[in-house]
Structures are given as C-alpha cells and as structure tokens.
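Undergrad: Below are the sequence and a predicted model; questions follow.
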Amino acid sequence: MTTTPTTPPKEQVTRAGGLLPTDAALRRATVLTAFNSLGNGLYFPLGVLYFTRIVGLDATAVGVGLTIAGLFGVAAGIPAGRAADRWGARQVGSLLWGGTGVAMATYTLVHSYAAFLAAVIVSTALQMASRSVLGAVYADVLPAATRVEARAYLRMITNVGMGVGGVFGAVALQLDTRGAYVTVILLNCLSFAAPALLLRGLPLAPHALERDRLPEDAPAADRWRAVRDLPFLTVTVLNAVLVMQYTLNDVGLPLWIVERTDAPRWTAAMLMIVNCVLVALLQVRVARSASRVPSAVRAMGWAGLLLAVACAVYALSAGLSPVWAVLALTVGAVVQVFSEVLMAAGGWTLGYELADSRAHGVYQGVFGAGMSAGMMAGPALVTVTAIQHGTAGWAVLGVLFAVAGLAVAPAVRWASKDTWRGEPA
C-alpha cells in the first residue's frame, strides 16, 4: 500500500466543468467504459426475456440458472486476480473482456436449457472475473492521488451510457422479435470485445512503472496474503453488506411498490431514473471528499446510517394514498442515493489503501468477489425481510445496514495495526 499523504492532492481528474479527463489513461478508460456501458444498457432490459420469450425456457429455470452462474462468477474473481498479478492486469483483463464477448455471442445459438446453462455460466464467470481484474487495472493505470475520483468519474460515464443504451433497448423490447433480440445481444458482445483492445493499451501510471523497475532481489509480495488478511476480509464483508443496497432498485422496490403500496407501477421506473441522474451528478463530487482512509471510514459510516433511514421511509410508503406513497418512495430513493455514492467512494478508497500494492490483482479480486457475493445475496435477503414481513423486515434491513457501516471504523483500525500496510509500491 502506498503511503497516505497528509494533505489532499490539488489535482483533479477533469477539466472544462468536470466533463473532460485530464489524464491520458483516464481518457482511454472513458472511451471503453462508455462503449461497454452502452452495450450493457441495451442488453439488460431484455436479457432474461430473450431466454423466456424467444428461446422458450421456463422463467423459474432461467432464474435458477442465473443464480448458479453467479456462484461461478463469485468463485472466478480471486483466481483471476492472482492471474493479473502474475501476467499483468491489462493483459488478463483484455483476455477476459474479449472472452466475455465471445461467450455472450453463444446466446444466439441456445435452443435448450443445457445449452443455456453452459453459455450463461461461462459468460458470467468471465464477466465477473473481468470486473475484479478491472480494479487491478485501475490501480496500475490511474494516478494514485486521483484514483478514487477517477473511479467516480467512470461510474458517472457508466450511468449515462447505461441510460442511453436502455432507451434503445426499450425499442428492441417493443419490437419483440427474434431479430431485434439477437441484434441487441451481438451489439452487447461487441461492447466487450472491442474495448478489450483498448484495455491492453492503457498506459501505466508512474507508481506502477516504478514498481516494475524494482530490482530482482527486492522483497516479493505474498501473492495469497489477501485470502488470509482478516482485517481486509472483514472490510470486504462489511462493504458487501452495504453493496446489497443495489438490489433494492433492481428487485426490492419494484416488488414492494407492486405488492405492498398503492403507488402506480411506473414509480419503479421513475425511481431508477432518479437514481441514475443523481448518481451521475454527485459521485465525482462525493469521491473527492472520501479519497483518504479517515474520510472513507466516515463515508461508510454515514452510508450505513442513511441507508437505514431510507429503509424506514420506504416502510412508511405502505398504506398511504398513491400520491403520498410516490412522495415517500421518492424521498427514500434520494436518501439512498446519498448512501450509495458515499459507500461507493469509501469502498474504492479502502479497497485500494488497505491492500498490498504489490499484489493488487488478488486483493482487488477478493474485494470484487465480496461485492459480487453481496449482489447475489441481496435479492433473497430483501425478499425474505421487507417483501415478506413489511415494516418489520425493513427494520431488520435498516439495522443490518447501519451496523455494517459503523463497523467499518473498528475494522480499519484493526487493519492499521499491520505494519506492512504502507510498504511502497
């Protein structure tokens, strides 16, 4: 881990009103992120429907298959990170992204459940592994002083790209033909395969070049330390709990609105738009205030508390008139956005600053696997708490989120007792 500066850097990742990246690597990363997020935005609205409506598979069976594939994806993160440490994050990430594009192309050949299961397991494992390696890529190519802010900028680009892609995906959804679905799938494949070439060519940041120039007799990092690093694993688990909030937008709120409130069904889509817009507007600004370990710890604590408040407001929406229910849900969604951007910025900082910089691949693989596990567990947790038990279930979720956020502080203090954290890259 690099030594933490005592004063915040003056550099910023963008110029011209926060729109144009100043760093060459970030400019290239912006291009590949925008391209990939456009493809993902195209595909996400109709991915599951392709297998149910066009291929003719049972919806429950598809859901089970996606869950199985997700388990393979979680397991793939750590060995992918180890490979990144050994052969280079950019090279491994490029292969994984290209492989994901090829694997997704096989969706167009699926005509049976067995073929679906094989295709979705391979593509999901490659895609989730690539996400873990991408954290190591950013550790190598983005300047350490502005790395967290740069991650926030890329997340803003992702939200914008997903939103634009979703508009065109809705057109394909309305056409509802095999040709429209297949076209979207192939475009999404290109959104992985084409940027894979850009990923390989990202220039290394100065700190990564210095690390590569270390003499052969320099002390080597323990490449598997991350899987035995209990303080880091604890922070990873706590972050994974807070990451479960992402599934509130995808699963929890749509089900809650339809089954437990009198709000119109379009409210779910409206809340998703509110989330995307506010995240795009706030993420970079918030990241600047959480780019050091102490501020990141505070951000995670506030994220847990705000998320608990959002859960309480969501619970209040049950039993209200349609207008008041929409208002309560909107207030809860806005509060959740502040929790989300704080959690994202704090998590990025801690994921990098608590890691051994000589083994970022496996450390980011562990951290990414934790996030993937949280995303997988989220739908089930939200369903068995809030959806099944109403206000009491929301209370359980709120307490869980608050405790996780506040527990980050003692976990980081535990990590700070390890003298090896702070070894130069």
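TA: On my side now, so go ahead. Numbers count the residues shown, from 1 in each chain.
Undergrad: surely Leu42 meets Val184?
TA: Yes - shown here, Leu42 and Val184 form a contact pair, counting by C-beta atoms under 8 Å, at 5.0 Å. C-beta here means a position set from N, CA and C on the backbone, and glycine is covered the same way.
Undergrad: what sits in contact with each of the two?
TA: Common neighbours of Leu42 and Val184, using C-beta atoms under 8 Å, 6 or more residues apart in numbering, are 169, 172.
Undergrad: Any stretches of this protein with poor pLDDT?
TA: Counting by pLDDT under 70, the ranges of the chain that qualify are 1-20, 205-224, 419-425.
Undergrad: Nearest the middle, which residue of it would you pick?
TA: Most central in the chain under C-alpha atoms, centre = their mean is Met371, positioned 7.0 Å from the mean C-alpha point.
Undergrad: How is that residue assigned, secondary-structure-wise?
TA: Following DSSP: H, G, I helix; E, B strand; the rest coil, we place Met371 in the helix state.
Undergrad: contacting residues for it?
TA: Counting by C-beta under 8 Å, 6+ apart, the residues that Met371 touches are 239-240, 243, 347.
Undergrad: Quick one: residues contacting Cys276.
TA: With C-beta under 8 Å, 6+ apart, Cys276 has these contacts: 159, 162-163.
Undergrad: now the strands for the stretch 1-150 of the chain?
TA: Remark: strands assigned in the stretch 1-150 of the chain by DSSP state E, counting those that start in this stretch are 14-15, 20-21.
Undergrad: What about Asp229? Give its phi and psi, please.
TA: Dihedral pair for Asp229: phi -80, psi 90, per degrees, to the nearest 10.
Undergrad: the longest helix in the chain is where?
TA: In the chain, taking DSSP state H as the definition, the longest helix is helix 322-353.
Undergrad: roughly how far out does that helix sit from the chain middle?
TA: Distance of helix 322-353 from its chain centroid, counting by C-alpha atoms, centre = their mean, to the nearest Å, is 14 Å.
Undergrad: out of the contacts of Cys276, which one sits closest to Ser112?
TA: Ser112 has its nearest neighbour among the contacts of Cys276 in Met162, at 30.8 Å by C-beta to C-beta.
Undergrad: so how many other residues sit close to that closest one?
TA: 20 (other C-beta atoms under 10 Å).
Undergrad: thought it was touching Gly39?
TA: No - here Met162 does not reach Gly39: they are 9.6 Å apart, not a contact under C-beta under 8 Å.
Undergrad: residues touching Gly161, list them.
TA: Residues near Gly161 by C-beta under 8 Å, 6+ apart: 33-38, 40-41.
Undergrad: Oh, that last question was meant for Arg298, not what I typed.
TA: 290, 346.
Undergrad: Just the CA atoms of the helix or strand encompassing it, as PDB, please.
TA: Taking DSSP states H and E as the criterion, Arg298 maps to helix 293-316. Taking Å, rounded to 0.1, in the frame of the first residue of the first chain, the C-alpha atoms of helix 293-316 are listed here in PDB:
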ATOM      1  CA  VAL A 293      -8.700   6.400   4.700                       C
ATOM      2  CA  PRO A 294     -10.200   8.500   7.600                       C
ATOM      3  CA  SER A 295     -12.700  10.300   5.300                       C
ATOM      4  CA  ALA A 296     -13.600   6.900   3.600                       C
ATOM      5  CA  VAL A 297     -14.300   5.400   7.000                       C
ATOM      6  CA  ARG A 298     -16.600   8.300   7.800                       C
ATOM      7  CA  ALA A 299     -18.300   7.900   4.400                       C
ATOM      8  CA  MET A 300     -19.000   4.200   5.000                       C
ATOM      9  CA  GLY A 301     -20.500   5.000   8.500                       C
ATOM     10  CA  TRP A 302     -22.800   7.700   7.100                       C
ATOM     11  CA  ALA A 303     -23.700   5.400   4.200                       C
ATOM     12  CA  GLY A 304     -25.000   2.700   6.600                       C
ATOM     13  CA  LEU A 305     -27.000   5.200   8.600                       C
ATOM     14  CA  LEU A 306     -28.500   6.900   5.600                       C
ATOM     15  CA  LEU A 307     -29.400   3.500   4.200                       C
ATOM     16  CA  ALA A 308     -31.200   2.700   7.400                       C
ATOM     17  CA  VAL A 309     -33.200   6.000   7.100                       C
ATOM     18  CA  ALA A 310     -34.100   5.100   3.500                       C
ATOM     19  CA  CYS A 311     -35.400   1.700   4.600                       C
ATOM     20  CA  ALA A 312     -37.600   3.400   7.300                       C
ATOM     21  CA  VAL A 313     -39.000   5.800   4.700                       C
ATOM     22  CA  TYR A 314     -39.700   3.000   2.300                       C
ATOM     23  CA  ALA A 315     -41.600   1.200   5.000                       C
ATOM     24  CA  LEU A 316     -43.800   4.300   5.600                       C
END
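Undergrad: Buried residues in it, which are they?
TA: In terms of neighbour count (16 or more other C-beta atoms under 10 Å), helix 293-316 has its buried residues at 293, 295-316.
Undergrad: I'd like to know how far the closest residue to Ala34 other than its chain neighbours sits from Ala144.
TA: Nearest residue to Ala34 in three dimensions, chain neighbours excluded: Gly161, at 4.9 Å (C-beta to C-beta, 6 or more residues apart in numbering). Gly161 is 26 Å from Ala144, where distance means C-beta to C-beta, to the nearest Å.
Undergrad: What are the contacting residues of stretch 74-87?
TA: Residues outside stretch 74-87 that contact it (C-beta under 8 Å, 6+ apart): 92-93, 96, 125-126, 128-133, 136-137, 221, 223-224, 226-227, 359-366, 368-369, 372-373, 376.
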